[in-house]
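1. pasting the sequence and the predicted coordinates here, then a few questions.
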Amino acid sequence: MRKVLVAFFSASGVTAKVAEELAKVEKADLFEIKAAKPYSKEDLDYTVKTARCNVEMADEACRPEIDGMVEDMAKYDTIFVGYPVWWGREPSIIDTFLDSYDLSGKKIVPFCTSAASPVDQGVAHIKKVVAGKAEVLKGKRLGANGTEEEVKIWTELLGL
């Protein structure tokens, strides 16, 4: 029997809501990826060039420090990774999370929350981050009001 983890980063609570629905549908453990230094409103103001979010996303090697770790990552074979879309892809803190573990042989399933931005650029970047370590499956963009039914349909199509 497969063991599933839903790991997510949520700046405003939208991704958290969708991650909770997904964990319920998949009967999965839930892990919130939190920044060691929490993001303030000013940090997330993308209209300010020097805002933390802009500085982090401008440097592809940036790995913001995370507060807390998954206790036993080895027990999971499938990891759903959720995030809001920042600058067309996953926030750098997701890359920190992925770099923090041995993901050998695991399946990574990205999902993002966005009103319009597609998941494709984030999936492509995640594939680069975990290259040779894990299999990255087709991702999914879910809206802020992702329903349990929408999540069920998507996970059934994945055929995990």
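-> That came through fine. Predicted model only: the values in this text are computed from it and were never measured. Numbering: from 1, shown residues only.
2. now do the phi/psi pair for residue 113.
-> Note on residue 113: its backbone torsions stand at phi -110, psi 130 [degrees, to the nearest 10].
3. err, residue 109, not the other one
-> phi -120, psi 100.
4. what about residue 154, neighbour count?
-> 18 (other C-beta atoms under 10 Å). For the C-beta atoms, the positions are set from N, CA and C on the backbone; glycine is no exception.
5. is it true that it touches residue 140?
-> Yes: between residue 154 and residue 140 there is a contact under C-beta atoms under 8 Å: 5.1 Å.
6. do you know how far residue 34 is from residue 68?
-> Look at residue 34 and residue 68: by C-beta to C-beta, to the nearest Å, they are 6 Å apart.
7. tell me how many other residues crowd residue 8.
-> 25.
8. roughly how far apart are residue 141 and residue 113?
-> Distance of residue 141 to residue 113, computed by C-beta to C-beta: 8 Å.
9. re the thing from before, neighbour-wise, which of residue 34 and residue 68 wins?
-> Neighbours per residue (other C-beta under 10 Å) separate residue 34 from residue 68, with residue 34 holding more: 14 against 10.
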